[in-house]
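Visitor: What would the 3D arrangement of this be:
(one chain, ligands or ions: 1)
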Amino acid sequence: MRFTTIGRLFSTLAVSLLFVAASYGDSITSIPTPSAWDNQSGSTLVINSIDSTGLITGTYVNRAPGYACQNIPYPVTGWAYGTAITFNTIWQSASASCNSITAWTGFLYQGKISTLWSLTINGSSSTSQIIRGNDTFKQVKKLVEKSLILRK
Ligand code: BTN
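Guide: Residues are numbered from 1 along each chain as shown. Below is the predicted model of the structure:
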């Protein structure tokens, strides 16, 4: 009787461990390049490259409600250091300028990039004018199109 109870406990523990391992199993621990990431507001960060020093290049399309400069790819630069990441963009382009810059800083953890951001408007004179928030980015899954020849 006692043995059965202990046996059940062990099998429950083993199954729970398997579930935990499975849910963490597909989490990436470094940022792939190229990769695209959408945040909770529908904006998209594309990381085109991360060089050997950690220098990031990419683009950012803002789709957050309540903000201007939408649906235009703005250039992104930044740094990746292990799972830590910072990136920024200037909201300035031939098609639309918002006279502002945003800096994000955060980390990759369990497949998501969690960040805090600060938006500074050109001409600001007090840190109280800096708008702050947080964005969480999830990787946009790539569609793997198989060659028509191989698809058999
Ligand atoms: C501006 O309104 O001055 C430029 C657009 C700012 C969009 C902000 S940046 C932080 C937050 N995350 C987004 O994806 N968009 C908003």
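Visitor: Within range of the ligand, give me the residues from the chain.
Guide: 39, 41, 43, 62, 64, 67-69, 91, 98, 100, 102, 117, 119, 133, 135 (Cβ under 6 Å from any ligand atom). In this view, the C-beta of every residue, glycine as well, is placed from N, C-alpha and C.
Visitor: again, only this time at 8 Å
Guide: 39, 41-43, 60, 62-64, 67-70, 89, 91, 98-100, 102, 104, 117, 119, 121, 131, 133, 135 (Cβ under 8 Å from any ligand atom).
Visitor: which residues of the chain fall in helices?
Guide: Listed in chain order, the helices found in the chain under DSSP state H are 2-25.
Visitor: low-scoring pLDDT stretches of it, where are they?
Guide: Where the chain drops to pLDDT under 70, the residues are 1-26, 143, 145-146, 150-152.
Visitor: And the strands in it, which stretches?
Guide: With DSSP state E as the criterion, the chain has strands at 35-39, 44-50, 55-61, 73-81, 84-90, 100-109, 112-121, 131-139.
Visitor: Using TSV, please lay out the ones you listed together with mean neighbour count and distance to Leu148.
Guide: Shown next, in TSV, are the strands of the chain (neighbours: other Cβ atoms under 10 Å; distance: least, Cβ to Cβ, whole Å):
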stretch	mean neighbour count	distance to Leu148
strand 35-39	19	25
strand 44-50	19	27
strand 55-61	18	30
strand 73-81	16	30
strand 84-90	19	37
strand 100-109	18	35
strand 112-121	17	35
strand 131-139	15	27
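Visitor: Of all those strands, which one is nearest Thr29?
Guide: Checking those against Thr29 by Cβ to Cβ gives strand 100-109 as the closest, at 7.3 Å.
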